[in-house]
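1. Coordinates for the following, if possible.
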Amino acid sequence: MDLTNLINNIVFFDWDEGNIQKNWKKHRVKPSECEDVFFNEPLVEFDHSHSQREMRYVAYGQTDQERLLFIVFTVRKEHIRVISARDMHRKERRFYHAKIKENS
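-> All right, here's what the predicted structure looks like:
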């Protein structure tokens, strides 16, 4: 699957109320911040084989306010469904910045 092409063809985001509340209570991340990550470059993503029922992916990216987020998500048809979102940890920020440098 070409994930970059798939993400570029996303029609909208599919939000689960429980995940919205969880991401806000635990990490103070709003749905709009998660959506920012998918529209801002760069975005680093890869397969995360956590679930046996559906493919899960991890995205490293930044919001419009340059907040660095780590997001676990799945793709259902033309929908992105965010499962979890939080600030990147130090090791993740290093990985993210290394990937940016590598791709420039």
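
2. Verify the stated contact: Leu69 with Val82.
-> No - using CB atoms under 8 Å, Leu69 makes no contact with Val82, being 9.9 Å away. Where you see a C-beta, it was placed from the backbone N, CA and C, and this is true even at glycine.

3. residues shared between the contacts of the two?
-> Shared contacts of Leu69 and Val82, defined by CB atoms under 8 Å, 6 or more residues apart in numbering, are found at Cys34.

4. from the middle of its chain, how far away would the longest helix anywhere in the chain be?
-> Longest helix in the chain by number of residues (criterion: DSSP state H): helix 90-103. Counting by CA atoms, centre = their mean, to the nearest Å, helix 90-103 is centred 15 Å from the centre of its parent chain.

5. packing partners for it?
-> Counting contacts by 3 or more CB pairs under 8 Å, 6 or more residues apart in numbering; DSSP states H and E, helix 90-103 packs against strand 44-48, strand 56-62, strand 68-76.

6. Next, format those strands as CSV and append mean neighbour count, mean pLDDT and distance to Pro31.
-> Formatted as CSV, the helices and strands packed on helix 90-103 follow (neighbours: other CB atoms under 10 Å; pLDDT from 0 to 100; distance: least, CB to CB, whole Å):
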stretch, mean neighbour count, mean pLDDT, distance to Pro31
strand 44-48, 14, 74, 18
strand 56-62, 20, 91, 14
strand 68-76, 20, 91, 11
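
7. Export those strands as CSV, with columns for distance to Tyr96.
-> Formatted as CSV, the helices and strands packed on helix 90-103 follow (distance: least, CB to CB, whole Å):
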stretch, distance to Tyr96
strand 44-48, 6
strand 56-62, 4
strand 68-76, 7
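
8. right, so of these, which gets closest to Phe12?
-> The minimum distance between Phe12 and these falls on strand 68-76, with 11.0 Å, by CB to CB.

9. got any ranges where this protein has weak pLDDT?
-> Within the chain, the set of residues satisfying pLDDT under 70 comprises 1-11, 49-52.
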